[in-house]
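> give the three-dimensional model of this entry:
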Amino acid sequence: MRVKRDLAALAAIGFAAVLSATQAVRAAPDAPISAESADSPEQPLPADASPPAGKAGCWETLWSRTNAKVQMEADGAMPMSITTVQEPLESTPAGCQAIINIHSKSALAALRGPPVVADQRDLVSIAPLAAPSAVRVEVHSEINARARYARLYGASTSIGEGVFNYAGADLREGAILGGETVNSSVTLKIYVRGTDEEVGELRAPHATITISSRHVGRRRAIDTALGRKECIPITYEKRSSLGPAQLVDALILTTPSVMQITDWYCPSERFVLRTEVREQGKVQRIDTTAIMPVGEAP
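Next up is the predicted model:
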């Protein structure tokens, strides 16, 4: 009974992690933007922000600072604390790749139990497409999620195409940016904590995310966890579906979720410092609370 109770939280949070696998790409600050594409070209780039020799194209494609540590906090029905760290990036014949490590603590407020702790290691490969800021992203993830009485361990694969990066995009008020499509699959083994007895699998072979075209709003000053910033609201619709999923010996048929999203992209930080998620009349807010080099205390 205790293991089954844990599975409810593990399943919900594990599926959320799979459907958000490509979010790891955004969980590191945007790289310096060239003068031709910056939305604030008059702002000088930091002296230490140049890409390594021979990796300028890869740097611009992956748009992340090596060894950047980002902390995010979410409220609402599934409160969550997320820390991500990106390892040094590498050039590939097609584009770039890097490993992103994610540590999270999540809880389903309705279950009133202890948080689920998860560690996820993502190998992210990115190849540019024809449109500005449009890329093909492939993410191979190793996932280890632990609740009080059970844990999940396994892997997922996500492949997406579209506009993943706001740096370099047309962010004038009224502009429309492209959307995204992501297809994911996951297989996670279920173990009893303490004995490590395997009791089944959690499988979702056809999870999908579809993001509509995005609408750019008027830049304005907002209060963020990093202070008052000039930020740009970018709104869109996000549809997520797990498809048919298997939990132990039960087939799970879920209803696709439809969310209205507003990303507050802040050019001074080259990052989304707040995301507002509206679903079924409820609002969840995800705030970026710290961006720092690895090893630096918040």
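> just the buried residues of stretch 176-185, please?
L177, G178, G179, E180, V182, N183, S184, S185 (16 or more other C-beta atoms under 10 Å). Where C-beta positions appear, they are placed from N, C-alpha and C, glycine not excepted.
> check the average confidence over that stretch, would you?
Averaged across stretch 176-185, the pLDDT comes to 92.
> how far is that stretch from where the chain is centred?
How far stretch 176-185 lies from its chain's middle: 13 Å, per C-alpha atoms, centre = their mean, to the nearest Å.
> list the contacts of it.
By C-beta atoms under 8 Å, 6 or more residues apart in numbering, the residues outside stretch 176-185 that reach it are 18-19, 21-22, 131, 133-134, 137, 156-164, 166, 169-170, 204-216, 234, 236.
> how about stretch 121-129?
Residues from elsewhere that reach stretch 121-129 (C-beta under 8 Å, 6+ apart): 21, 24-25, 61-62, 92, 94-102, 134-142, 161.
> hang on, the earlier thing: farthest pair within the buried residues of stretch 176-185?
Spatial extent of the buried residues of stretch 176-185 (C-beta to C-beta) is set by the pair L177 and S185 at 27.2 Å.
> shaky segments in the stretch 101-250 of the chain?
In the predicted model, the stretch 101-250 of the chain carries pLDDT under 70 at residues 107-113, 130-133.
> one more time with 90
104-118, 124-137, 145-152, 162-170, 186, 190, 192-196, 199-204, 206-207, 240-250 (pLDDT under 90).
> tell me how far I209 lies from T235.
16 Å (C-beta to C-beta, to the nearest Å).
> out of the two, which sits in the more crowded spot?
Between I209 and T235, I209 has the larger neighbour count (other C-beta atoms under 10 Å), namely 23 against 15.
> thought the more buried one was touching G243?
No - using C-beta atoms under 8 Å, I209 makes no contact with G243, being 11.5 Å away.
> for V116, state which of the buried residues of stretch 176-185 is nearest.
Distances from V116 to the buried residues of stretch 176-185, taken by C-beta to C-beta, are shortest for S184, at 18.9 Å.
> quick check: bridge partners of the closest one?
Partner residues in beta bridges with S184, using DSSP bridges, are S158, A207.
> check D287 too.
Beta-bridge pairing for D287 (DSSP bridges): E73, R274.
> repeat that for the one 4 residues further on.
Beta-bridge pairing for I291 (DSSP bridges): V70.
> from memory it sits against G227, does it?
No - with contacts counted by C-beta under 8 Å, I291 stays clear of G227, the gap being 11.9 Å.
> these two - which one has more neighbours?
Taking other C-beta under 10 Å, I291 and G227 do not tie; I291 has more neighbours (20 against 10).
> so what's the more buried one up against?
Contacts for I291 (C-beta under 8 Å, 6+ apart) come out as P29, A68, K69, V70, Q71, L226, E269, F271.
> how far away is it from Y236?
Distance from I291 to Y236, by C-beta to C-beta: 23 Å.
> then P267?
P267 is 19 Å from Y236, by C-beta to C-beta.
> how about the helices in the stretch 51-200 of the chain?
Ranges of helices in the stretch 51-200 of the chain, per DSSP state H, counting those that start in this stretch, are 56-62.
> please enumerate the strands of it.
Assigned by DSSP state E, counting those that start in this stretch, the stretch 51-200 of the chain shows strands spanning 68-74, 80-86, 90-91, 96-106, 116-128, 134-146, 150-163, 176-177, 180-192, 198-211.
> what angle separates the last one from strand 180-192?
Angular relation of strand 198-211 and strand 180-192 on a 0 to 180 degree scale: 170 degrees, by axes from the mean of the first three to the mean of the last three C-alpha atoms, to 10 degrees.
> against which helices or strands is strand 198-211 packed?
Applying 3 or more C-beta pairs under 8 Å, 6 or more residues apart in numbering; DSSP states H and E, we find strand 198-211 packed against helix 2-19, strand 150-163, strand 180-192, strand 227-241, strand 244-247.
> buried set for that strand?
G200, L202, R203, A204, A207, T208, I209, T210, I211.
> the residue lying closest to L253 once chain neighbours are set aside: neighbouring residues, count only.
Once flanking residues are discounted, L253 sits nearest to P244: 6.2 Å by C-beta to C-beta, 6 or more residues apart in numbering. Neighbours of P244 under the rule other C-beta under 10 Å: 13.
> no more questions from me, cheers.
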